[in-house]
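Novice: Here is a sequence with its predicted model. Questions after.
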Amino acid sequence: MNRILVIGCSGAGKTTLALELGRRLGCPVHHLDRLWWKPGWVTRAREEFDAMLDELLHQERWIIDGNYNRTLSRRLGYADTVILLDYPPARCLWGALRRWFRFRGQDRPDCGSGCPERFDLGFLRYIWSFNRVMKPKIENALDCDGQHCRVVRLRTPAATAEFLENLN
């Protein structure tokens, strides 16, 4: 595992898993949220984001945490491993709420400065509908562009913990 994508619903624990994988494997971790968001939750221009992502993808080793469906096919072309946190919506909602309580009013480490944690109705809807709306798009991208990747599908936090324990 040299080029790893960690994907799944918000609140599933992608960042936590990516950081732990990075620690165990000695691999640099990159957060798509940090690339996309500038201070004040201002989005970066697509061209600038894409250029930064392309530079990252050409590195020898990386772990990239985040979904960003628009660029998933491109990232799959470089990845050798995809870890999909395939948790139920209620579990992801719980994780997002825990994160909000932990970081409310503060910048999240994976988003960078000037982006204090937030939680609103739109975000709640996104999480609740993720498996119905976004997961089919992820599955399609995996089928079309990720055939060469090892896909690790983790359905529970216990399965994720077991996966980590079994790493060399």
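Specialist: Received, thanks.
Novice: Next secondary structure after the helix or strand containing residue 122?
Specialist: If you go by DSSP states H and E, residue 122 is part of helix 121-145. Counting by DSSP H and E, the next helix or strand C-terminal to helix 121-145 is strand 150-154.
Novice: ok and that next one relative to helix 121-145, angle-wise?
Specialist: 150 degrees (axes from the mean of the first three to the mean of the last three C-alpha atoms, to 10 degrees).
Novice: Return the distance of strand 150-154 from the chain's centre.
Specialist: Distance of strand 150-154 from the chain centroid (C-alpha atoms, centre = their mean, to the nearest Å) equals 14 Å.
Novice: what sits up against the helix holding residue 122?
Specialist: 7, 9-11, 67, 69, 72-73, 76-77, 82, 84, 86, 88-89, 92-93, 96, 149, 151 (C-beta atoms under 8 Å, 6 or more residues apart in numbering). Just so you know, the C-beta spots here come from the backbone N, C-alpha and C atoms, and that holds for glycine as well.
Novice: so where do the helices sit in the protein?
Specialist: 14-25, 32-36, 46-57, 72-78, 89-103, 121-145, 157-165 (DSSP state H).
Novice: What is the shortest one packed up against?
Specialist: So that's helix 32-36. Applying 3 or more C-beta pairs under 8 Å, 6 or more residues apart in numbering; DSSP states H and E, one finds that helix 32-36 contacts helix 46-57.
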